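K.L.:
Have a look at this prediction, sequence included:
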Amino acid sequence: MRPSQFFLVVMNLSFAILLLSLICGAEASYVCQGKCEDIPDCDAFCKRVGFVSGNCMPPLYQYCCCQTG
């Protein structure tokens with residue numbers, strides 16, 4: 001593969017990644033509510049208080065964070 005062909009391949013891949021990220025929309029934001037040891041069913045808790053979902057998030061997956069949208 002010649003350098004010019006390699007450059008075109010890289011540019012096409014970069015464009016495809018950019019386009020895919022725009023199509024997928026904005027990244028969801030999270031609001032952390034407390035430690036997962038205090039909120040054992042994080043997903044159910046977050047849904048009960050009006051969020052989309054909940055997950056135990058890093059660091060060490062110890063914080064229950066609720067997804068806003």
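P.N.:
Looks like it came in fine.
K.L.:
Can you mark which positions in stretch 35-46 are buried?
P.N.:
By 16 or more other C-beta atoms under 10 Å, the buried positions in stretch 35-46 come out as C36, I39, C42, D43, F45, C46. (Each C-beta comes from the backbone N, C-alpha and C, glycine too.)
K.L.:
just checking, next helix/strand downstream of the helix or strand harbouring the last one?
P.N.:
By that I understand C46. Here C46 sits within helix 42-48, counting by DSSP states H and E. As assigned by DSSP H and E, the chain's next helix or strand after helix 42-48 is strand 53-57.
K.L.:
Can you list the helices and strands that the next helix or strand after that next one packs against?
P.N.:
Next helix or strand after strand 53-57 toward the C-terminus (DSSP H and E): strand 63-67. Here strand 63-67 touches strand 30-35, helix 42-48, strand 53-57, going by 3 or more C-beta pairs under 8 Å, 6 or more residues apart in numbering; DSSP states H and E.
K.L.:
What strands line up against the shortest one, and which way round?
P.N.:
Read it as strand 53-57. strand 63-67 (antiparallel) (DSSP bridges).
K.L.:
ok, and what's touching the partner strand?
P.N.:
Here strand 63-67 makes contact (C-beta atoms under 8 Å, 6 or more residues apart in numbering) with 28-36, 38-39, 42, 45-46, 49, 51-57.
K.L.:
Low-confidence regions, this protein specifically.
P.N.:
Within the chain, the ranges that satisfy pLDDT under 70 run 1, 7, 9-27.
K.L.:
on that earlier part again, output the helices and strands packed on strand 63-67 in a markdown table; the columns should cover distance to S4.
P.N.:
Output for the helices and strands packed on strand 63-67, formatted as a markdown table (distance: least, C-beta to C-beta, whole Å):
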| stretch | distance to S4 |
| --- | --- |
| strand 30-35 | 44 |
| helix 42-48 | 50 |
| strand 53-57 | 44 |
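K.L.:
Any chance of a markdown table for the buried residues of stretch 35-46, columns distance to Y63?
P.N.:
What follows is these, written out as a markdown table (distance: C-beta to C-beta, whole Å):
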| residue | distance to Y63 |
| --- | --- |
| C36 | 7 |
| I39 | 9 |
| C42 | 9 |
| D43 | 14 |
| F45 | 12 |
| C46 | 12 |
